[in-house]
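> Got a predicted structure here, sequence first:
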Amino acid sequence: MGSMNYPTMHQVEAANREQLGSWFRFLPSAGHCAIGNADFAKVFRAEQAIMQRIIERFDEEGGMDSVLSKLIGWVEK
């Protein structure tokens, strides 16, 4: 777990519910990948905004249910 990279805002806007759910479940916390990086604050803010938009879009698309949860699984692909 943790090998998934943050998408761009454009990718978030174009994503379907399954992709949004996968990001929602498997992306690391904002800034996690930037620990020790000189640009930590910049990366953290960017990833925080992306995750916020993922959450908003995912909610707009209906969020998580048992069918989607089983489809996504509990192990990152």
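Received the coordinates, thanks. Worth saying up front: this structure is predicted, and the values here are computed from it rather than measured. Numbering: from 1, shown residues only.
> Could you report the separation of G62 from G21?
Separation of G62 from G21 (C-beta to C-beta, to the nearest Å) stands at 10 Å. All C-beta spots, glycine's among them, are computed from the backbone N, C-alpha and C.
> Kindly report the same for Y6.
16 Å.
> more neighbours, these two?
It is G21, of Y6 and G21, that has more neighbours when counted by other C-beta atoms under 10 Å, with 22 against 19.
> In contact with that one, which residues?
Listed by C-beta atoms under 8 Å, 6 or more residues apart in numbering, the contact set of G21 reads F58, M64, L68, S69, I72.
> run the last query once more with 10 Å
G21 sits next to A15, I54, F58, E61, G62, G63, M64, D65, L68, S69, L71, I72 when contact means C-beta atoms under 10 Å, 6 or more residues apart in numbering.
> The second one against F26, yeah?
Read that as I54. No: look at I54 against F26 with C-beta atoms under 10 Å: they stay out of range, at 11.1 Å.
> Name the residue in those two with the higher neighbour count.
Neighbour count, other C-beta under 10 Å: between I54 and F26, I54 has more, with 23 against 17.
> which SS class is that one?
Here I54 is helix, with the state taken from DSSP: H, G, I helix; E, B strand; the rest coil.
> Point to the residue nearest the middle of the chain.
In the chain, the residue lying closest to the centroid (C-alpha atoms, centre = their mean) is W23, at 3.3 Å.
> which non-adjacent residue is nearest it?
Nearest non-adjacent residue to W23, counting by C-beta to C-beta, 6 or more residues apart in numbering: I54, 5.1 Å away.
> for A46, same thing?
Y6 (7.8 Å).
> dump the residue contacts of the one you found.
Counted by C-beta under 10 Å, 6+ apart, Y6 has contacts 12, 23, 27-28, 30, 32-33, 43, 46-47, 50-51, 54.
> Would you write a PyMOL line that selects the buried entries of those residues?
Remark: buried members of the contacts of Y6, expressed as a PyMOL selection using 16 or more other C-beta atoms under 10 Å:
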select buried, resi 12+23+27+30+33+43+46+47+50+51+54
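> okay, the contacts of Y6 in JSON lines with secondary structure, pLDDT and distance to E76 next?
Below are the contacts of Y6 laid out as JSON lines (DSSP: H, G, I helix; E, B strand; the rest coil; pLDDT from 0 to 100; distance: C-beta to C-beta, whole Å):
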{"residue": "V12", "secondary structure": "helix", "pLDDT": "98", "distance to E76": "18"}
{"residue": "W23", "secondary structure": "helix", "pLDDT": "97", "distance to E76": "11"}
{"residue": "L27", "secondary structure": "coil", "pLDDT": "95", "distance to E76": "10"}
{"residue": "P28", "secondary structure": "coil", "pLDDT": "93", "distance to E76": "10"}
{"residue": "A30", "secondary structure": "coil", "pLDDT": "91", "distance to E76": "17"}
{"residue": "H32", "secondary structure": "helix", "pLDDT": "87", "distance to E76": "14"}
{"residue": "C33", "secondary structure": "helix", "pLDDT": "80", "distance to E76": "14"}
{"residue": "V43", "secondary structure": "helix", "pLDDT": "92", "distance to E76": "21"}
{"residue": "A46", "secondary structure": "helix", "pLDDT": "95", "distance to E76": "21"}
{"residue": "E47", "secondary structure": "helix", "pLDDT": "95", "distance to E76": "17"}
{"residue": "I50", "secondary structure": "helix", "pLDDT": "97", "distance to E76": "18"}
{"residue": "M51", "secondary structure": "helix", "pLDDT": "97", "distance to E76": "16"}
{"residue": "I54", "secondary structure": "helix", "pLDDT": "98", "distance to E76": "15"}
